[in-house]
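Enquirer: coordinates only, no sequence provided:
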């Protein structure tokens, strides 16, 4: 988005330059020696700052330095500067893309860390501080956050995996232990189900078109149908490959557009420079023609005062008239050049207008795509990424104004039975209907997002702290009263809700943990109820 905004600004500035052409022509002056020296010094510093980024860039900068040492006219460097400018823009795009991918990886890792339980108290406080820390600015800040994220993952591995066997156990001993049949490990089963759910959620949040999108949809259907642990690793690799391929295709499309736009801008810049040179030449020629005409008029005046003989006066005047006719012909030629220049400038302005329209359309597509990134593709309510953003916003408002804020977690009861008895298409339909019903029953100021699987999270800002159970009971009753039908059989679907109000000293994770415990109580005390914490 920043690239497109910058390009749009550049287009606007170029268009303004075209509209102010005449004013620029009147005020143009050549570079002084001091300005030339400062320009060459600036280019030299730019070369030092960019050295080592790219082989082609270094080569072009070296050639530019050789030309600069010869003190050439600055206009002869336009081609070299345009090529270097294009390479620098490509590096800027690549750096921005790298930061974006790193930020996405940090967000995903942070969300997964939130779900892990069993950290020591000190580690849990450090993790809370890390999750609450502000987003980094440059690539260096993001690298530090990635390193810190890996440290937490290493601690999680030590807590949950390493106690089962010594860290430096012999390879043969570990292989023998793994090959020996043993009782089912409940942690492994739980981890397998959690990974499968996370993969489903990830796929629903992706918005790739074409073959990549179809392949991801097929994998999601496999995950809904259930897969074996050995197949899970293969599915993970397939999803990673498809995400990389989809990202690469989107990157190629964006780079192709920006490259085409950059080439068009370079062409416009070249034509503008040519037009500017032509305008300067016309300005000089017009000035010279005007001076010549003035001299002829002065000469005619002198002739009239010096010659008394009509015959001599006629001869002298005839010579001056011939000179004036030649000047007039030159003026006519310059007028033709001016008309051609104005036509050329009009064409350039039309091209700039077209590029601006194309850029605006591309910005519109990016805005739509960004909107889709915050929607759950199945239920069309907000997704987990949108929840993180809105929860942080509501939390800051709560800190500032201390208006009551309720966080509720909603889970569809016995959802697995729907998938097992009626198929996953029926399960998807149930999710859609429940999401739509919940959204319709909430206030405009409330917020709902699909948290994952059959869970939803609701934020109720500015709620009555003494009566906030009532709107949650209304949600529960709304879902219970919906006449679901599968295979001509009426099926009653209920939801369990766990909710809490934000309290003094709370962070978002504290309120979320209380709501999660309240939901756990609702599920294990009969379901179809609201539990407050």
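Expert: Thanks, I have the structure now. Just so it is clear, the model here is predicted, and its values are computed rather than measured.
Enquirer: what sits against residue 132?
Expert: When contacts are counted by Cβ atoms under 8 Å, 6 or more residues apart in numbering, residue 132 touches residue 507. All C-beta spots, glycine's among them, are computed from the backbone N, C-alpha and C.
Enquirer: low-confidence ranges in the stretch 301-450 of the chain?
Expert: 307-308, 365-372 (pLDDT under 70).
Enquirer: now with 90, please.
Expert: Applying pLDDT under 90 to the stretch 301-450 of the chain flags the ranges 301-378, 380, 383-386, 389, 401, 416-429.
Enquirer: whatever helix or strand residue 399 lives in: which residues count as buried?
Expert: Assigned by DSSP states H and E, residue 399 belongs to helix 384-401. Going by neighbour count (16 or more other Cβ atoms under 10 Å), the buried part of helix 384-401 is 384, 385, 386, 387, 388, 390, 391, 394, 395, 398.
Enquirer: what's the next secondary structure element after that helix?
Expert: Criterion used, DSSP H and E; the element after helix 384-401 is strand 405-412.
Enquirer: relative to that next one, what are the paired strands and their orientations?
Expert: Using DSSP bridges, strand 405-412 pairs in its sheet with strand 455-461 (antiparallel), strand 495-501 (antiparallel).
Enquirer: which stretches in the stretch 101-250 of the chain count as helices?
Expert: Using DSSP state H, counting those that start in this stretch, the helices of the stretch 101-250 of the chain run over 121-132, 139-160, 171-179, 186-205, 210-225, 229-306.
Enquirer: same check, this time on the stretch 401-533 of the chain
Expert: Using DSSP H, counting those that start in this stretch, the helices of the stretch 401-533 of the chain run over 415-422, 424-441, 469-480, 508-523.
Enquirer: would you mark the buried spots in the longest one?
Expert: It stands for helix 424-441. Applying 16+ other Cβ under 10 Å to helix 424-441 flags 424, 426-431, 434-435, 437-439, 441 as buried.
Enquirer: hmm, who's touching it?
Expert: 221, 224-225, 376, 378-381, 410, 412, 415, 418-419, 448, 450, 454, 456, 458, 474-475, 478-479, 482, 484, 486, 493, 495.
Enquirer: rewinding a little: let's have the strands paired with strand 405-412 in JSON lines, adding mean neighbour count, mean pLDDT and distance to residue 296.
Expert: Putting the strands paired with strand 405-412 into JSON lines (neighbours: other Cβ atoms under 10 Å; pLDDT from 0 to 100; distance: least, Cβ to Cβ, whole Å) gives the following:
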{"stretch": "strand 455-461", "mean neighbour count": "22", "mean pLDDT": "95", "distance to residue 296": "84"}
{"stretch": "strand 495-501", "mean neighbour count": "24", "mean pLDDT": "96", "distance to residue 296": "94"}
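Enquirer: want to try TSV for those strands, with distance to residue 250 as columns?
Expert: Converted to TSV, the strands paired with strand 405-412 look like this (distance: least, Cβ to Cβ, whole Å):
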stretch	distance to residue 250
strand 455-461	29
strand 495-501	37
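Enquirer: right, so of those, which gets closest to residue 237?
Expert: Checking the strands paired with strand 405-412 against residue 237 by Cβ to Cβ gives strand 455-461 as the closest, at 26.9 Å.
Enquirer: which residues are contacting the closest one?
Expert: 381, 387, 390-391, 394, 397-398, 403-412, 434-435, 438, 442-443, 445-451, 468, 471, 475.
Enquirer: out of the buried residues of helix 424-441, which comes closest to residue 315?
Expert: Nearest to residue 315, judged by Cβ to Cβ, of the buried residues of helix 424-441 is residue 439 at 99.1 Å.
Enquirer: any idea how far the closest one is from residue 305?
Expert: 97 Å (Cβ to Cβ, to the nearest Å).
Enquirer: and the helices of the stretch 401-533 of the chain as TSV, adding distance to residue 192?
Expert: TSV is the format used below for those (distance: least, Cβ to Cβ, whole Å):
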stretch	distance to residue 192
helix 415-422	15
helix 424-441	18
helix 469-480	29
helix 508-523	21
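Enquirer: good, wrapping up.
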